[in-house]
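Predicted model and sequence follow; I will ask about them next.
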Amino acid sequence: MFKLFGVLLIINALVATAWWTLGENPHKSWAFGVCLAAMFAGAFLILQDRATEITIKGVGTIKSAAEQATTDAKAIAELRDRMQAQSATVDLVAQQATGAANLAQELSQKTNAAESKLHEVDEALTSARRELEEIDKITEFTRIVVAAQNGDREAFDRLGHYASEQSDLSRLAADAYVGICSTYGGVIEPGFLNLSSPSDLESLARDKVREFYVSLPSIYHAHAVHIIWKREDIPKDDRLEFLASVLQSDPSLTATLYAGKFLAADTGLKWEPSVLTPLGTQRGLAQRQGGDGVCAKSPPPRLSAFLLLLGYAVADALKVLEDPS
């Protein structure tokens, strides 16, 4: 349709121009210009599918609708492609953000697991370090004992220091110390190491004696037993209870033997220092509630003495049964 309209436009322009110029009409030059413009317009309508634009000097440039539509379509396509690319970029960024969040969560879980493992390893190392320190301590103590037994005076002094302090090794150190003294100087007389300040125990209040005795290193328990047994200001029954408690649970073998010796002498019974088991089985010796004597929380004094006498009698009977002669 546009082509037909273009042909008609050209024909009419030629006919009108011829008529205008052949007649006695003014402005013939303008008629030629209008004719020429009409012819170009008709040609554009005819060739619009092929021509993209027509430029008329002094008039302007005419672009075909198809070309303009094509150009617009390209622009729209480019815009669409750009939007699709941006959408893909946004999707990719979102996926990466989701992946990063998942990765961060996974890393957090792994970090927590690693921290837990590190805590366990740290506890294991701390425990191993404590055990190694304990082994080193025992090894050093053993080395000191061996050196002291072989005549090393410095080691002997250090062993005495071990014996005088409150520690897990003080009792072993005290026994080794006394043994070395016996080896180099003969049997110790009276058989124990004296307290550096015996007057503290000799003048201490009755209700504080037991507490003070327990606080002493076991190396001095035998001497303390001697001092407490000789204190006439403490009732005899309380002192017997004290001896019974020493026989029952004291960590010092020397103190235990002296307590048994004093108890046997006071009751007039036959007794050997090696027979301690019957005395240690009297579980009623530490059950009384209250009391202000040397041996608090013990049964009544006369009952204690009776139980002790019964223990000695059982011990003597056992010895007779074992040795009929």
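On my side now, so go ahead. Owing to the predicted nature of the structure, the values given are computational and were not obtained by experimental measurement.

Can you show me the helices along this protein?
2-22, 28-46, 65-149, 153-164, 170-185, 198-202, 206-215, 221-229, 236-249, 253-267, 277-280, 301-322 (DSSP state H).

What's the mean pLDDT across the longest one?
If you average the pLDDT over helix 65-149, you get 83.

Next: the shortest one.
Per-residue pLDDT values across helix 277-280 average out to 46.

Got phi/psi on Glu165?
phi -100, psi 160 (degrees, to the nearest 10).

which residues touch it?
Applying C-beta atoms under 8 Å, 6 or more residues apart in numbering, we find Glu165 in contact with Pro217. No exception for glycine: its C-beta is placed from N, CA and C like everyone else's.

still on that earlier bit, using TSV, lay out the helices of the chain together with mean neighbour count.
Converted to TSV, these look like this (neighbours: other C-beta atoms under 10 Å):
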stretch	mean neighbour count
helix 2-22	14
helix 28-46	16
helix 65-149	11
helix 153-164	17
helix 170-185	17
helix 198-202	14
helix 206-215	15
helix 221-229	23
helix 236-249	22
helix 253-267	20
helix 277-280	17
helix 301-322	15
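
Run a quick check on Gly260 versus Asp250, I expect a contact.
No - with contact defined as C-beta atoms under 8 Å, Gly260 does not reach Asp250; the gap is 10.6 Å.

need the contact list for the residue nearest to Tyr162 when sequence neighbours are not counted.
Nearest residue to Tyr162 in three dimensions, chain neighbours excluded: Ala173, at 3.6 Å (C-beta to C-beta, 6 or more residues apart in numbering). Taking C-beta under 8 Å, 6+ apart, we find Ala173 in contact with Phe141, Val145, Leu159, Gly160, Tyr162, Ala163, Ile219.

The fifth one and Thr183: what is the separation?
Tyr162 sits 18 Å away from Thr183, going by C-beta to C-beta, to the nearest Å.

Which of the helices and strands in this structure ranks last by mean pLDDT?
helix 277-280 (a mean of 46; mean pLDDT, DSSP states H and E).

Kindly provide the distance from the residue nearest to Tyr162 to Gly179.
In terms of C-beta to C-beta, Ala173 sits 11 Å off from Gly179.

In space, what's closest to Ala176 - neighbours in sequence excluded?
Ala176 sits nearest to Val145 (C-beta to C-beta, 6+ apart), 5.0 Å away.

Quickly note the distance from the one you found to Glu154.
13 Å.

Over to Glu133?
In terms of C-beta to C-beta, Glu133 sits 23 Å off from Glu154.

Would you map out the domains in this protein?
2-63, 90-189, 197-322 (automatic domain parsing).

and which of the contacts of Ala173 is nearest to Ala77?
The shortest approach to Ala77 among the contacts of Ala173 belongs to Phe141, at 92.6 Å (C-beta to C-beta).

okay but the closest one is in contact with Leu169, surely?
Yes - applying C-beta under 8 Å, one finds Phe141 in contact with Leu169, separated by 5.3 Å.

okay, and the common contacts of these two?
With C-beta under 8 Å, 6+ apart as the test, Phe141 and Leu169 both reach Tyr162.

Rebuild the contacts of Ala173 as CSV, extending it with distance to Leu36.
Below are the contacts of Ala173 laid out as CSV (distance: C-beta to C-beta, whole Å):
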residue, distance to Leu36
Phe141, 127
Val145, 133
Leu159, 134
Gly160, 136
Tyr162, 130
Ala163, 135
Ile219, 138
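
Nearest to His226 among those?
Using C-beta to C-beta as the measure, the one of the contacts of Ala173 that approaches His226 most closely is Ile219, at 13.8 Å.

distance of that closest one from Leu195?
Taking C-beta to C-beta, one finds Ile219 at 10 Å from Leu195.

Of these two, which one has the most company?
Neighbour comparison, Ile219 and Leu195: the larger count goes to Ile219, with 24 against 19 (by other C-beta atoms under 10 Å).
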